[in-house]
Every structure is written in C-alpha cells, then in structure tokens.
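Novice: Okay, here's the prediction I keep looking at, along with the sequence it came from:
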Amino acid sequence: MPTRIDGQLVTGHLRALQRIADRGGGSRAAGTLGYRESARYVANTLRDAGWTVRVQRFRYPGWAERSSALAIAPGGALRHGRDFRPAIYSGAGRADGPLRAVGTGCTEEELSGIRPGEVALAMPAGCLFRVKALNARRAGAAALLIGDPTRARRGASMVTLVAPGVGLPVAIVRRALAERLRDGSRVRMRVSTDAGTRSSVNVIGQSPGRGPRVAMAGAHLDSVPAGPGINDNGSGVAALLAVAQTAGRRPAETPLRLGFWGAEELGLYGSRRYVRSLEREQVRSISAYLNLDMVGSPNPVRAVYGAGQARRPARAAARRIARLLRARVRPKETTGGASDHVAFASAGVPVGGVFTGASGRGPGGRPRDPCYHLACDRLANVNVGELAELARATASTLAVLARQAK
C-alpha cells in the first residue's frame, strides 16, 4: 500500500475517473454508466485499502434534456452548449414572445411589468435561480433566460434549479450575449426533457477502529452531464481515496469515515439522504466533517470553509477546524458555498473543508477554473501539485480530529 500522498498517487485516481467518463460517453453524472462505474471504482479501492464499505441507495428526482433550441431576433439561432444551455430541472415547453429584462428577477417589483407570453431575462445575482424561475412563472412569463453566472468563454454554464416543478422553460445564456439583449427582441425557445424518479448510490467507507466516535470527510462523486468532472469533483474523490490508502490498516481508537456522495450536482441529494438516515446518536458520534469539493483548480485560490453553523454548539468546534486547516494550507479566503457540508452543518456536526475555486477570478484576473461545469474539465485541467498538497493537509487534519475525538 502507498505510504505517502503525492502527485503520482492522486493522478492515478484522476486517470481512472477520466477513463470511466470516456467509456461512459464523456460524463459521470448521476444516473449514467459513468457514475455507476465511478461508484464501483471507489468501493473497490476502499476495500483494497482494508476499509469496510457500505453502498447506500437513494431516490432522487431525475431530469435529462432531450433536445432544446433558442433563437433571438435579431441575431438568429443560438448555439447549444456554447451560447445557451437549459438549467437542470428546467420545465419542458415552448415560448414565442418578446423579451423583457427584469433585473435580478428576485422581487415582485422587478417582475411587475411582465405581460403574459413575454420571456423574462434575469441577471444571475441576488437570489437562487429557482427563486427567479418561480417568480417569473407567477408573473406570467412564458419562459426565463438567465445571464450566465460566469464569464467563461468556453461555453454556457450548467446550473441547477435544485428540484423540479418550476413550471416553465429556463435557460442559461452566455453573459456577454445576455448583456447585449434588449427589451422587445423576439425569443423563440423550446425545451424537451425526461423526468421521473431515479435511483443512485452513496459509497461510505470506514477504517478499522474500535471507538464509538468517528472523524469524517466527504466529496461528491458525480459530475454535471456536460463533462467528466475531473476537477469538479474528481479532485476531491482522488484526495480522499489517497487518504484511505495511506491511513494504514491498524485499528485506531477513533476510526475515519469517508463519504462519496451521489447527485450533488442536482441538489445535494446524496449527502442529504445520508444525514437524514442517521439516528440522533449516530449524528452525535461524528466529531467533525470535512468537505472536499474542487481542490485541484488550475488557477487556484485556496479557501477553507467558514465556521457558519446552523446550531450554536458546533460553532466553536468549526472554528477550531478552520484554524487547523489554515495552519496547513495558508488560505487566502473563506467559503461557505452550497456543497455537501450543508446537511451536516444543519444537523449540528462541526464542519470544515478546503476549496480552490470555480468560476471566480484568480491570479492574473483569470478564472480559477475556466472549465467549471464544461466538457473540458478533464485530467489536463487539474493542478496536481495543488491537489496533492491539499490531500496531505486533509489527511493530517483528520488525524488530529480523530485524536481529539477520543
């Protein structure tokens, strides 16, 4: 077994995930062959490292795009993937009407001028995209266009509306194009989708140990449908597999537990299902949870998860975790974004973790990950040196947390 986490070790896992995505049509998204093979790879790797493995099945609301088209006059048809992309959980339907800009689309006042049949155009700031969509539907819009939250030039971002039921077609439009659109432009839009309940799995591994408490870390295993997701989040997966392989087989007083979550990109479904499945005492037995989501960005800015907790008793412990991580990775920022730590924090588990950036600007003013949620998020997109260093920091932090949890 490997004794040290280095670039070669994490690259081996990244290569395996890339091969799985290539065999699965370029994606490892929930519900695909690529995801099922990714879960099998993780489970086998953990077992080979001497860990106990549990595969937890869960149900989630499925969504898949069948076909879509968007044309705006003047200008003509937009290019799918490059200029626009339906949001995950967009409603199916057609629209043919004039455009109406609605600012952020977050307030009743902004949408008060919408007339039935118009297509609303909202900018990305201010509130959840789902809130914008529900507001547009209530105002009578036939469809909603949202400016891309990133300014990446390689394609329109893939974003989620978190759950089905918005009731109208919703598409993300390249930001530069959205900013040029004017009221009254004619919009013709069509979105066809497949929906229905689907099944996926979480993979949970635990190291040999005797104690009643565990120190835990996790990473989501799925990609978006648009690409293989080797930084988002093959990097977090590779880091945790390296931790498992170097942790040793000797039973410890406080074992480690690793979770690899399904359907995160759709709405954090796997991690939420896992936390809901735990009894109260099982939740209390988790001394801490570290989240790894995008830890190998090519133009990184290091961040650690902040101490924001839904329950007061966990806040001091979360601050201690943040200090531990800061001592190891020297971050420039803190983050509290929506990822799989959310369910743990809401249940009162102290949370922490590391993150190297998605669409935000990094050194030189360039995106931290220009391939975020795109097909180019492949092996060459990952900063392997950064990933290996953060994996080592995660391993050492987990070891401290395990000693403190006795």
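Specialist: On my side now, so go ahead. Numbers count the residues shown, from 1 in each chain.
Novice: mind checking the SS state of V304?
Specialist: Here V304 is strand, with the state taken from DSSP: H, G, I helix; E, B strand; the rest coil.
Novice: my bad, should have said A238
Specialist: Counting by three-state DSSP, the backbone at A238 sits in helix.
Novice: The closest residue to it other than its chain neighbours: neighbour count?
Specialist: The spatially closest residue to A238, leaving aside those adjacent along the chain, is H13, at 3.7 Å (Cβ to Cβ, 6 or more residues apart in numbering). Backbone N, C-alpha and C define where each C-beta goes, glycine included. Residues lying near H13 (other Cβ atoms under 10 Å) number 23.
Novice: Surely H13 is in contact with L240?
Specialist: No: if you go by Cβ atoms under 8 Å, H13 and L240 don't touch, sitting 9.2 Å apart.
Novice: center of this structure - which residue?
Specialist: Centroid-nearest residue in the chain: E265, 4.6 Å away (criterion: Cα atoms, centre = their mean).
Novice: Please, which helix or strand holds it?
Specialist: Element membership for E265 (DSSP states H and E) is helix 264-267.
Novice: The very next helix or strand once past that helix: which residues count as buried?
Specialist: Remark: after helix 264-267, the chain's next helix or strand is helix 269-276, criterion DSSP H and E. Neighbour-count burial for helix 269-276 flags 269-275 (criterion: 16 or more other Cβ atoms under 10 Å).
Novice: List of residues touching helix 269-276?
Specialist: Helix 269-276 has contacts (Cβ atoms under 8 Å, 6 or more residues apart in numbering) with 30, 56, 58, 60, 200-202, 204, 218, 220-222, 259, 261-264, 283, 340, 342-344, 346-347.
Novice: How far does it sit from its chain's centre?
Specialist: Its chain's C-alpha centre lies 14 Å from the corresponding centre of helix 269-276 when counted by Cα atoms, centre = their mean, to the nearest Å.
Novice: Give the residue spans of the stretch 101-250 of the chain that score low on pLDDT.
Specialist: Judged against pLDDT under 70, the low-scoring parts of the stretch 101-250 of the chain cover residues 152-153.
Novice: picking that back up, wait, the residue nearest to the centre of the chain sits on L221?
Specialist: No: in this structure E265 lies outside contact range of L221 using Cβ under 8 Å: 10.1 Å.
Novice: where in the stretch 251-400 of the chain is pLDDT low?
Specialist: Ranges of the stretch 251-400 of the chain meeting pLDDT under 70: 307-312.
Novice: For it, which segments count as helices?
Specialist: In order along the chain, the stretch 251-400 of the chain carries the following helices (DSSP state H, counting those that start in this stretch): 264-267, 269-276, 280-284, 315-329, 341-346, 384-404.
Novice: List just the one of these that sits closest to D83.
Specialist: D83 lies closest, by Cβ to Cβ, to one member of those: helix 264-267, at 21.5 Å.
Novice: What are the boundaries of the strands in the chain?
Specialist: Remark: strands assigned in the chain by DSSP state E are 52-73, 76-77, 84-86, 93-101, 119-122, 143-147, 170-173, 186-206, 214-220, 256-261, 286-292, 303-305, 333-335, 351-355.
Novice: Among those strands, which comes closest to Q404?
Specialist: Nearest to Q404, of all those, is strand 286-292, at 7.1 Å by Cβ to Cβ.
Novice: could I get the closest one in PDB with only the CA atoms?
Specialist: Provided in PDB are the C-alpha atoms of strand 286-292 (Å, rounded to 0.1, in the frame of the first residue of the first chain):
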ATOM      1  CA  ILE A 286     -19.500  12.300  14.100                       C
ATOM      2  CA  SER A 287     -16.900  14.500  15.700                       C
ATOM      3  CA  ALA A 288     -16.400  16.600  12.600                       C
ATOM      4  CA  TYR A 289     -17.000  16.600   8.800                       C
ATOM      5  CA  LEU A 290     -14.500  17.900   6.200                       C
ATOM      6  CA  ASN A 291     -15.800  18.600   2.700                       C
ATOM      7  CA  LEU A 292     -13.600  18.500  -0.400                       C
END
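Novice: Kind regards, and thank you for your time.
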